[in-house]
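*Asks:* Sequence first, predicted coordinates after that:
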Amino acid sequence: MQPDLLPGHCAASVLHNLRSTPPLVHCMTNDVVQGFTANVLLAIGAAPAMVIEPEEAAQFAPIASALLINIGTLTADSSRAMLAAIHAANQSSTPWVLDPVAVGALAFRTRFAHELLALKPAAIRGNASEILALAGEHSAGRGVDSADDALSALPAALKLAQLTGAVVAVTGEEDYVTDGENAWSVAGGGVLMTRVVGTGCALSAVVAACCSLPGTRLDNVAAACQFMKFAGEQAIAVSRGPGSFVPAFLDALYGLNAEALA
Amino acid sequence: MQPDLLPGHCAASVLHNLRSTPPLVHCMTNDVVQGFTANVLLAIGAAPAMVIEPEEAAQFAPIASALLINIGTLTADSSRAMLAAIHAANQSSTPWVLDPVAVGALAFRTRFAHELLALKPAAIRGNASEILALAGEHSAGRGVDSADDALSALPAALKLAQLTGAVVAVTGEEDYVTDGENAWSVAGGGVLMTRVVGTGCALSAVVAACCSLPGTRLDNVAAACQFMKFAGEQAIAVSRGPGSFVPAFLDALYGLNAEALA
Amino acid sequence: MQPDLLPGHCAASVLHNLRSTPPLVHCMTNDVVQGFTANVLLAIGAAPAMVIEPEEAAQFAPIASALLINIGTLTADSSRAMLAAIHAANQSSTPWVLDPVAVGALAFRTRFAHELLALKPAAIRGNASEILALAGEHSAGRGVDSADDALSALPAALKLAQLTGAVVAVTGEEDYVTDGENAWSVAGGGVLMTRVVGTGCALSAVVAACCSLPGTRLDNVAAACQFMKFAGEQAIAVSRGPGSFVPAFLDALYGLNAEALA
């Protein structure tokens, strides 16, 4: 199964919605990518807020447009704050997104991520190894790297989507996004994006932003992937390496426009 | 009331003092802006140190030239370490600065920030919504963004300065700085600075650095605002977006000189 | 004593080994430099993973090629997780590296760092003040800055290497690396590198990566220093300040090749 490419007019329409009513994304994410995640959201036209104390996280989730849960540097304390935020988000119908960083390889986060699957995430975004592990399949990951191919994890993504009700994005050289019934593929980007920390984590924040928009969730999540692939490709074209990629990428996200996407 | 612009020779003189005896700024700041804050201080000629364990924070505050307290990702643990550092700073006459991120919108940090007002901050730096909330006025903020205009918050800033003895800077499209009696305005910068995370938080660190310098505290704090507005304007002139802004901004801070400011 | 410069062919050979089997570096490092450290490792061709929960850290150390322990923002909680990781690393013969940030100036981390010396670090990387303090000599540091000269700390580095069995790198304007018997010096870089946060911390991560490679540990650690000095010098040549230095530095690390080093 090779899903069709997301049509450009579809991504263009989601970008139009995002810029019309900028989502405020409550990010509970790992220690490594906090600044980059915030800058990606700001560049594309959304607003970030990192609120982590349990009482405040629960108070903020209903104020935010969407909530991001990224378990990259999970601790016992942060897991409790995340649960408080997720329950508050669900009570106020704030969509929340799971980024299951390095799930499968490590026991504490694997137990936690499986516990979260029952709490109705709006979307899940991971690499092939993470999606395979979350769906209970064998994966070859040894941490944050994926040792598996995205297309090979599409069946696991379909299964996970059906199990949880979430839209599942499995990302890699090409991205695949499914709601358990239909699927899109998204092309673009390039290997240099894997030499910069946080491109996947920041994508999950953009996925969260897009989950708060009107329209079909499947299309919204695939559009988030398309924004990053498109800006990534533009940035790679003018970069000399991963260092010059970062400013070029943020500039490209800032300059994204519906016409170019369409 | 529209305060006069800070004279250029005044900012120039503060920059000269900063470069003559580089302040060491003890930063207890939020998780998102740690690296950017350190790089801003280093670029302008000061030195950062992030020390967060309660015993060490209390030990370090007297060694440092100034202490920054930023409550952006406050937790119960970090609030205890901040209190220990503030008490040690006060005992050794190390000036400390409060950045009340998102105060008003969230209960835990709002209680904490109000508690800190009695502990004699040398300066407070916030956006209009934060200064209004801290002064007990109605504000429209929903997190880190300000939904209010800086000039409209100047009366609240005056009140807060009189109440606490701190110099209060309310920053936005234009900045206003007051000691409760006199006030300066500071112009420059540009809207692109709001598309990069941490420009306000890093300004608060520069305010802390300047609070350790000889001279009038009101002028020192306004000069800190001027450095950032000036460098921001220079950087925007050569940027293609928020990505290329960051390196250009740090380069501009590094290249700041008294002649250009005057 | 002025040690000989590390021969270029030696650094070239270590780079070849690193690129042939990219090390996965488990980084337990400070809050300020997480993103930069990860990006330096990715740029040079290694892989970073930040795993900090005690159970997971102990589980991950044996999976990783090497473990980095950086005490820049040490807390009681993180010190427990670090000990768990170090014990697991030692049991599985994963080499671990100590970066004793600001040791000597602050009591809690100084006690902790001395406790770690008995746990067989493969290497220790610090500035002169830190190495002097760790060796029990008088140092003039007041935090992360070194107030001492690297060459003057070489005797302390030799003593520390003999005491612990670690290769000790004392870095500054010139770097000195010793296994307690032999020593190399490494030249290059430039003062602009001290105006960017994390160049030393990121070097320690590259040291950890190189400690996992075949060959002589002394040569491997000195090569890590040489990679950073070499890329730093290249980046300074094309930078206008510390802002443009960062992308240029990461690009230079990415483009490092054995021929140029030789």
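*Replies:* Looks like it came in fine.

*Asks:* Now do the strands in the stretch 51-200 of chain A.
*Replies:* A:66-70, A:96-99, A:123-127, A:167-171, A:175-178, A:183-186 (DSSP state E, counting those that start in this stretch).

*Asks:* Please render the ones you listed as CSV that adds distance to chain C and mean pLDDT to the earlier fields.
*Replies:* No exception for glycine: its C-beta is placed from N, CA and C like everyone else's. Shown next, in CSV, are the strands of the stretch 51-200 of chain A (distance: least, Cβ to the nearest Cβ, whole Å; pLDDT from 0 to 100):
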stretch, distance to chain C, mean pLDDT
strand A:66-70, 12, 98
strand A:96-99, 14, 98
strand A:123-127, 13, 98
strand A:167-171, 17, 98
strand A:175-178, 20, 98
strand A:183-186, 23, 98
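
*Asks:* Reformat those as CSV; add mean neighbour count and distance to chain B.
*Replies:* What follows is the strands of the stretch 51-200 of chain A, written out as CSV (neighbours: other Cβ atoms under 10 Å in any protein chain shown; distance: least, Cβ to the nearest Cβ, whole Å):
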stretch, mean neighbour count, distance to chain B
strand A:66-70, 29, 13
strand A:96-99, 29, 17
strand A:123-127, 29, 20
strand A:167-171, 30, 21
strand A:175-178, 28, 22
strand A:183-186, 23, 22
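
*Asks:* Output those strands as TSV; include the columns distance to residue B:240.
*Replies:* Putting the strands of the stretch 51-200 of chain A into TSV (distance: least, Cβ to Cβ, whole Å) gives the following:
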stretch	distance to residue B:240
strand A:66-70	27
strand A:96-99	29
strand A:123-127	28
strand A:167-171	27
strand A:175-178	26
strand A:183-186	25
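
*Asks:* What sits closest to the closest residue to chain B within the stretch 101-250 of chain A if chain neighbours are left out?
*Replies:* As assessed by Cβ to the nearest Cβ, chain B sits closest to residue A:250 within the stretch 101-250 of chain A, at 2.9 Å. Once flanking residues are discounted, residue A:250 sits nearest to residue B:243: 2.9 Å by Cβ to Cβ, 6 or more residues apart in numbering or on different chains.

*Asks:* Report the contact partners of the one you found.
*Replies:* A:39, A:43, A:246-254 (Cβ atoms under 8 Å, 6 or more residues apart in numbering or on different chains).

*Asks:* and what of residue A:156?
*Replies:* When contacts are counted by Cβ under 8 Å, 6+ apart, residue A:156 touches A:131-132, A:134-135, A:137, A:170.

*Asks:* So which of those residues are in helices?
*Replies:* Counted as lying in helices by DSSP state H, out of the contacts of residue A:156, are A:131-132, A:134.

*Asks:* distance of the residue nearest the centre of chain A from residue A:49?
*Replies:* Nearest to the geometric centre of chain A sits residue A:204, at 1.7 Å (Cα atoms, centre = their mean). Counting by Cβ to Cβ, to the nearest Å, the gap from residue A:204 to residue A:49 is 16 Å.

*Asks:* likewise residue A:226?
*Replies:* Between residue A:226 and residue A:49 the computed distance is 25 Å (Cβ to Cβ).

*Asks:* Mind jotting down where the helices sit in the stretch 101-250 of chain A?
*Replies:* Along the stretch 101-250 of chain A, the stretches classed as helices by DSSP state H, counting those that start in this stretch are A:107-116, A:128-134, A:154-164, A:199-211, A:217-237, A:242-255.

*Asks:* if you look at the longest one, does any of it touch chain C?
*Replies:* No. Contact of helix A:217-237 with chain C is not found when judged by Cβ under 8 Å from any Cβ of the partner chain; the minimum separation is 11.6 Å.

*Asks:* Quick one: mean pLDDT for that helix?
*Replies:* On average, the pLDDT along helix A:217-237 is 98.

*Asks:* ditto for the third one
*Replies:* Averaged across helix A:154-164, pLDDT comes to 97.

*Asks:* Report the angle between that helix and helix A:217-237.
*Replies:* Here helix A:154-164 runs at an angle of 140 degrees relative to helix A:217-237 (axes from the mean of the first three to the mean of the last three Cα atoms, to 10 degrees).

*Asks:* List the buried residues for helix A:154-164?
*Replies:* A:154, A:156-161, A:164 (16 or more other Cβ atoms under 10 Å in any protein chain shown).

*Asks:* do stretch A:190-197 as well
*Replies:* A:190, A:192-197.

*Asks:* distance of residue A:254 from chain C?
*Replies:* For residue A:254, the distance to chain C equals 17 Å [Cβ to the nearest Cβ, to the nearest Å].

*Asks:* Now do the contacts for that residue.
*Replies:* Counting by Cβ under 8 Å, 6+ apart, residue A:254 has contacts A:43-44, B:195, B:241-243.
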